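Participant: can you look at this prediction? I've put the sequence above it.
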Amino acid sequence: QVQLQESGPGLVKPSQTLSLTCTVSGASITTNYYGWIWIRQPPGKGLEWIGYIDASGSIYYSPALKSRTSISRETSRNQFALQLNSVTPEDTGVYFCFARDRDVIDYWGKGTLVTVSF
């Protein structure tokens with residue numbers, strides 16, 4: 001069973017960088033059966049796709065966030081990470097990492113609330 005766990009600061013100041021890590025267990029992030037995704041949900045709004053990293057390390061970003069987003073991975077730790085630069089209060093929300101397998105089955109982390117505020 002694939003399990004994912006987000007971690008990182010719950011409070012970030014405006015103009016700073018939001019950094020989150022997703023730790024994966026039950027599957028290797030280099031296994032060519034899964035894709036690894038970051039998504040978020042602002043308060044009172046729907047889900048917003050942020051970006052995706054595949055088993056080979058290729059990365060795809062939401063056009064709306066691409067200029068401020070960086071996704072990376074640390075294969076030795078079986079983790080992938082998100083950095084979002086120059087945050088504003090509009091970046092407040094619950095951030096999720098999840099995996100999607102080839103059968104289009106999703107495995108979700110519990111999510112972590114990030115608040116952008118002074």
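Facilitator: Perfect, I can see it now.

Participant: which parts of this protein are strands?
Facilitator: Chain-ordered strands for the chain, with DSSP state E as the definition, fall at 3-7, 11-12, 18-25, 34-41, 48-54, 59-61, 69-74, 79-84, 93-101, 106-108, 112-116.

Participant: in a markdown table: those strands, plus mean neighbour count and mean pLDDT.
Facilitator: For the C-beta atoms, the positions are set from N, CA and C on the backbone; glycine is no exception. Conversion of the strands of the chain to a markdown table gives the following (neighbours: other C-beta atoms under 10 Å; pLDDT from 0 to 100):
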| stretch | mean neighbour count | mean pLDDT |
| --- | --- | --- |
| strand 3-7 | 17 | 98 |
| strand 11-12 | 15 | 98 |
| strand 18-25 | 20 | 98 |
| strand 34-41 | 21 | 97 |
| strand 48-54 | 18 | 97 |
| strand 59-61 | 16 | 98 |
| strand 69-74 | 16 | 98 |
| strand 79-84 | 21 | 98 |
| strand 93-101 | 20 | 97 |
| strand 106-108 | 15 | 96 |
| strand 112-116 | 17 | 98 |
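
Participant: so what sits opposite the residue nearest the centre of the chain in the bridge?
Facilitator: Among the residues of the chain, the smallest C-alpha distance to the mean C-alpha position (C-alpha atoms, centre = their mean) belongs to residue 38, namely 2.9 Å. Per DSSP bridges, the residues bridged to residue 38 are residue 51, residue 97.
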